[in-house]
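In: Structure for this input, please:
(2 chains, ligands or ions: 2)
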Amino acid sequence: MIQIQNVHKSFGSLEVLKGVTMDVNKGEVVSVIGGSGSGKSTLLYCINAIEDIQQGRIIVDEIDVHAKGTNQDRLRQKLGMVFQQWNSFPHLTVLENASLAPRIVLKLSKKEAVERAKKELNHVGLGDKFDEYPTRMSGGQQQRLAIARALAMKPDYMLFDEVTSALDPELVGEVLDTLRMLRDDGMTMICVTHEIAFAREVSDKVAFFHQGVIEEIGPPEQVIVNPQKEATQKFLSKVLH
Amino acid sequence: MEYEFHWNIVFDKLPQLLSGAFVTLHVSVLSMLIGIAIAVLLAIAKMSDSRLISLPATVWVEIARNTPALFQIYMAYFGLGAFGIHLSPYAAVLSALVFVNAGYLTETFRGGFLSIPKTQYSASKSLGMSSIQVYRYIILPQMFRRIYHPMTNQFVWSILMSSLGILVGMNELSGETQRLQSLSFRTLEFFIVAAVMYFLITKFVLFSASLVSQRLFRGDI
Ligand SMILES: Nc1ncnc2c1ncn2[C@@H]1O[C@H](COP(=O)(O)OP(=O)(O)O)[C@@H](O)[C@H]1O
Ligand SMILES: [Mg+2]
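Out: Ligands and ions are numbered 1, 2, ... in the order given. Prediction:
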């Protein structure tokens, strides 16, 4: 379970998160929607300790993410993350991209790491690309590689930061299909997205981010179909039309 | 009267010239290896937010890049000697070459580091890698590819600059040539053969470097 409790985060004098509170239970899919610059990416970075916070707490399976004694490298093994830009490692083959971290972080034998990577790559439909270099692949394929690379660590949670928004429109579908598959596998996920239809379809909960706080959170039937807050209504009418 | 070339004496001394060439290659390879290691550290230091850490690196780079190589060799040999630190000619030339190589390569490496997107770092971190692992497996391999050519140029430059060893009586190719010609007075012949040897050494180094790069660097950056 991920517990986000009254989190405040500033960059210098700019306060980006102004008291964010949210729980994500095991097996849940939570979508985060909201205007650009509202702090959605920052929240994900805080959850996996790439950014620190100034106030509040984030607790992942009883571990306080930002507490002094926390081994953050170890914590990140529980949390897979996929970014807007796919960030393939361009000097490594597809198979090496996906097997590197299991080998050097989890200390699996090369054989085990490769087996694991192959399984995840097959899973996302890259079974015929093992020896390819990522820069020769499409954005959609590289994004699926990024997902497989994260899954090869067998994380308990996956964080997705607008993973389709840098893709050509015709490539969005294949990545969303991969996310649907993960949801069906029971993966716990937080998806920052502006694919509203997708968020409505897959989410257990939708959180609407506005001016550094969660303005409205609830099942998609509420937040997307029948939003209660004025800011949510405004945002949705802007992005849906 | 025209100069008459006599090549036989030079060919007789070929073994000595070759051993000089070997010392030349030796000192340049070593100066590159040590220079690279120091430059990686200096580049990281120079990018530090703390002036206490970045300033010494900046001073090193500025001196190395803006003073003549001749001066640096003299400093290492005679300058340190004045302080009771007596280096052999080999050690003096090696230190000067290391000093300059590290200075130039620091800027090259810094450019290389900065050219790698920050997101490569966060992506690696998100997979649970430690900072050292990120550098070892993700950042440095990409950086070395990008700076491989400037690095081989620096290598060639080191080979040519090591010829200043002649000034402190080092037994590298130029020093050997100087010694042998002064015994035989076949100045031109010896220096022509030495020049050909320098040419062959640098071509050999560039050729090996491109072979190594083909083996090492698959994939695109
Ligand atoms: N590393 C940073 N340094 C300074 N400001 C930042 C940094 N990262 C994000 N910001 C600022 O924080 C705000 C929220 O950014 P972000 O979390 O990326 O928003 P979103 O993902 O919702 O578009 C923006 O105003 C952005 O400019
Ligand atoms: Mg964002």
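In: For chain A, what lies in contact range of ligand 1?
Out: When proximity is defined as Cβ under 6 Å from any ligand atom, chain A approaches ligand 1 at A:F11, A:L14, A:V16, A:S36, A:G37, A:S38, A:G39, A:K40, A:S41, A:T42. Placement of C-beta: from N, CA and C, glycine included.
In: Recalculate using a threshold of 5 Å.
Out: A:F11, A:V16, A:S36, A:G37, A:S38, A:G39, A:K40, A:S41, A:T42 (Cβ under 5 Å from any ligand atom).
In: For stretch A:230-238, list the C-alpha coordinates in PDB.
Out: Output of stretch A:230-238 as PDB, limited to C-alpha atoms (Å, rounded to 0.1, in the frame of the first residue of the first chain):
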ATOM      1  CA  GLU A 230     -16.200  23.200 -10.400                       C
ATOM      2  CA  ALA A 231     -12.500  23.100 -11.200                       C
ATOM      3  CA  THR A 232     -12.900  19.400 -12.300                       C
ATOM      4  CA  GLN A 233     -15.800  20.300 -14.500                       C
ATOM      5  CA  LYS A 234     -13.900  23.100 -16.100                       C
ATOM      6  CA  PHE A 235     -10.800  21.000 -16.800                       C
ATOM      7  CA  LEU A 236     -12.800  18.100 -18.300                       C
ATOM      8  CA  SER A 237     -14.900  20.300 -20.500                       C
ATOM      9  CA  LYS A 238     -11.600  21.800 -21.800                       C
END
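In: Could you give the average pLDDT over the strand or helix carrying A:Q141?
Out: Using DSSP states H and E, A:Q141 sits within helix A:139-151. For helix A:139-151, mean pLDDT rounds to 96.
In: for it, the distance to its chain's centre please.
Out: Relative to the chain's own centre, helix A:139-151 is displaced by 12 Å; criterion: Cα atoms, centre = their mean, to the nearest Å.
In: Report how many residues lie close to the residue of chain B found nearest ligand 1.
Out: Using Cβ to the nearest ligand atom, the single residue of chain B nearest to ligand 1 is B:K118, 9.3 Å away. Close neighbours of B:K118, defined as other Cβ atoms under 10 Å in any protein chain shown, add up to 8.
In: what do you get for A:S165?
Out: The number of residues near A:S165, taken as other Cβ under 10 Å, comes to 14.
In: Quick one, grab the pLDDT at the residue lying closest to it once chain neighbours are set aside.
Out: Closest residue to A:S165 apart from its sequence neighbours, by Cβ to Cβ, 6 or more residues apart in numbering or on different chains: A:Q84 at 5.8 Å. The model reports A:Q84 with a pLDDT of 93.
In: Any regions of chain B where pLDDT drops low?
Out: Applying pLDDT under 70 to chain B picks out residues B:1, B:219-221.
In: Can you show me the helices along it?
Out: B:8-12, B:14-46, B:51-66, B:69-74, B:80-82, B:89-114, B:118-126, B:131-133, B:140-146, B:148-161, B:173-184, B:187-216 (DSSP state H).
In: wait, which of these is closest to A:D156?
Out: Within the helices of chain B, the stretch nearest A:D156 is helix B:118-126; the backing value is 14.0 Å (Cβ to Cβ).
In: Next to chain B, which bits of chain A? Give me the list.
Out: Chain A has residues A:45, A:48, A:50, A:73-74, A:76-77, A:79-81, A:83, A:85, A:87, A:89-93, A:100-101, A:104-106, A:133, A:135-136, A:146, A:149-150, A:153 near chain B, with proximity defined as Cβ under 8 Å from any Cβ of the partner chain.
In: Please pick the buried ones from those.
Out: Listed as buried from those are A:45, A:48, A:50, A:73, A:76-77, A:79-81, A:83, A:85, A:87, A:89-93, A:100-101, A:104-106, A:133, A:146, A:149-150, A:153; burial here means 16 or more other Cβ atoms under 10 Å in any protein chain shown.
In: How far away from the center of its chain is stretch A:19-39?
Out: 10 Å.
In: Span of it from start to end?
Out: For stretch A:19-39, the first-to-last residue distance is 11 Å (Cα to Cα, to the nearest Å).
In: if we can go back for a sec, quick check: the residue nearest to A:S165 is in a strand.
Out: No: counting by DSSP: H, G, I helix; E, B strand; the rest coil, A:Q84 falls outside a strand, being coil.
In: correct me, but it touches A:A166?
Out: Yes: A:Q84 is within contact range of A:A166, at 5.3 Å (criterion: Cβ atoms under 8 Å).
In: higher neighbour count, those two?
Out: A:Q84 (17 against 13).
In: got a list of what that one touches?
Out: Going by Cβ atoms under 8 Å, 6 or more residues apart in numbering or on different chains, A:Q84 touches A:S41, A:D161, A:E162, A:V163, A:S165, A:A166.
In: and the gap between the closest residue to B:K13 other than its chain neighbours and chain A?
Out: Using Cβ to Cβ, 6+ apart and skipping residues adjacent in sequence, the residue nearest B:K13 is B:L180, 5.1 Å away. B:L180 sits 47 Å away from chain A, going by Cβ to the nearest Cβ, to the nearest Å.
In: Looks like B:L180 contacts B:F191 (just checking).
Out: No: using Cβ under 8 Å, B:L180 makes no contact with B:F191, being 10.1 Å away.
In: quick one: secondary structure of A:S31?
Out: strand.
In: still on that earlier bit, taking their axis directions, the helix or strand following the helix holding A:Q141 and helix A:139-151 sit at what angle?
Out: Counting by DSSP H and E, the element after helix A:139-151 in chain order, helix or strand, is strand A:157-161. Per axes from the mean of the first three to the mean of the last three Cα atoms, to 10 degrees, the angle that strand A:157-161 makes with helix A:139-151 is 150 degrees.
In: what does whichever helix or strand comes after strand A:157-161 rub up against?
Out: Next in sequence after strand A:157-161, counting helices and strands by DSSP H and E, comes helix A:169-184. Surrounding helix A:169-184, the residues in contact under the criterion Cβ under 8 Å, 6+ apart are A:29, A:123-125, A:138-140, A:143-144, A:147, A:151, A:158, A:160, A:163-164, A:167, A:189, A:191, A:195, A:198, A:202.
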